[in-house]
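**Student:** Let's see this in three dimensions:
(chains A, B, C and D)
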There are 2 protein chains.
Amino acid sequence: MKAGNKTLGPRLRVVLDTNVAIGPGQVDLLEAIVETGSISKAGRSMNMSYRRAWLLVQRMNAHFHSPLVETAKGGNSGGGARLTPLGQDIASCYRQMEARAAEVLEPEMEKLRGLLARNLDDGADGKADPTAS
Amino acid sequence: MKAGNKTLGPRLRVVLDTNVAIGPGQVDLLEAIVETGSISKAGRSMNMSYRRAWLLVQRMNAHFHSPLVETAKGGNSGGGARLTPLGQDIASCYRQMEARAAEVLEPEMEKLRGLLARNLDDGADGKADPTAS
DNA sequence: AAGCGTTATGTCCAATGATATATAACGCTA
DNA sequence: TAGCGTTATATATCATTGGACATAACGCTT
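**Tutor:** Numbering: from 1, shown residues only, chains lettered A, B, ... in the order given. This next block holds a predicted model:
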């Protein structure tokens, strides 16, 4: 339920090394896996294709010294996925960082919010930040 | 030669409203405009096409209640661009937030860094990761 | 008047990213 | 053994983003 919403506020993307970073999307996915018990259900629950969800899991697993997500094929329920202790640890660590950042940056957030255009236009625009670097 | 500054650490993307956010790329651009005095030079200096740089400026200007960047056509130097007080204010505010976040999140960063895979494969190549998010 | 570098735009195209679709394998249950 | 839902994976298609290029206007200098 909380996964996948576009919350306002500071968004954190933790860049740990070249080509390895964890951001809100990944953590949302981890939490959705906890809630649903499978990669496919997690993906569906957050409007993400199974392929994408699976690739993200692949990446995360590869980047750390042991997997964050453990999967099983077959079985009564067809299979499933769940977080390893490391996965839980990383997800909760990220949330903690997020909360701490939101807390400590609140004054500046407030200030910036006051400088916005009244004009909440969109329509033709419809996207946010193309600058990834 | 690699002008791109992929600094490690927490990266901040301040989501102020639906469709309006400021992130590291935008602020880098603002600062490059200060340094170079023009959108085109700023773009070149950070390996960004003029078009892209100009569009970003457009967007930023539109999103706040007054422009962040002021431009001039023609003239002795052909024209140029510079930050308005609001632009300077926003850029420095963002940097401050960034610094504060980096400071306050350092312990968690340290912890996460310790969990990385030893294996830092794919060095200078660049063609390694099929997923980006 | 010509020239210059820049802003300001539009149009086209390549690269990238994400989705859709199609299988195969798996292991439990009925 | 057949069936189910899932993981795992390849391939093809669609969407979005960004870059290349082209052009005009501008206003200062020579």
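**Student:** sec struct for the most centrally placed residue in chain A, please.
**Tutor:** Centroid check for chain A by C-alpha atoms, centre = their mean gives residue A:25 as the closest residue, at 2.3 Å. Put simply, residue A:25 is helix when judged by DSSP: H, G, I helix; E, B strand; the rest coil.
**Student:** hang on, it packs against residue A:57?
**Tutor:** No. Between residue A:25 and residue A:57 there is no contact under C-beta atoms under 8 Å: 12.0 Å. For the C-beta atoms, the positions are set from N, CA and C on the backbone; glycine is no exception.
**Student:** ok, residues contacting the helix or strand of chain A with the lowest mean pLDDT?
**Tutor:** Taking mean pLDDT, DSSP states H and E as the measure, the helix or strand of chain A with the lowest value is strand A:20-22, at a mean of 90. For strand A:20-22, the external contacting residues (C-beta atoms under 8 Å, 6 or more residues apart in numbering or on different chains) are A:13, A:14, A:15, A:16, A:60, A:63, A:90, A:94, B:11, B:112, B:116.
**Student:** Which members of these occur in strands, if any?
**Tutor:** Applying DSSP state E to the contacts of strand A:20-22, the entries found in strands are A:13, A:14, A:15, A:16, B:11.
**Student:** I'd like these as JSON lines, with neighbour count appended.
**Tutor:** Formatted as JSON lines, the ones in strands among the contacts of strand A:20-22 follow (neighbours: other C-beta atoms under 10 Å in any protein chain shown):
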{"residue": "A:13", "neighbour count": "20"}
{"residue": "A:14", "neighbour count": "24"}
{"residue": "A:15", "neighbour count": "17"}
{"residue": "A:16", "neighbour count": "19"}
{"residue": "B:11", "neighbour count": "21"}
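**Student:** which residues touch residue A:10?
**Tutor:** Per C-beta under 8 Å, 6+ apart, neighbours of residue A:10: A:101, A:102, A:105, A:109, B:12, B:13, B:14, B:15, B:97, B:101.
**Student:** Same question for residue A:117.
**Tutor:** Counting by C-beta under 8 Å, 6+ apart, residue A:117 makes contact with B:62, B:63, B:64, B:65.
**Student:** Now, of those residues, which are buried?
**Tutor:** B:63, B:64 (16 or more other C-beta atoms under 10 Å in any protein chain shown).
**Student:** between the contacts of residue A:117, which is closest to residue B:46?
**Tutor:** residue B:63 (20.5 Å; C-beta to C-beta).
**Student:** That closest one contacts residue A:118, correct?
**Tutor:** No. Between residue B:63 and residue A:118 there is no contact under C-beta under 8 Å: 11.1 Å.
**Student:** State the three-state secondary structure for residue A:110.
**Tutor:** helix.
**Student:** Any buried residues in the least confident helix or strand of chain A, and which?
**Tutor:** Per 16+ other C-beta under 10 Å, strand A:20-22 contains these buried residues: A:20, A:21, A:22.
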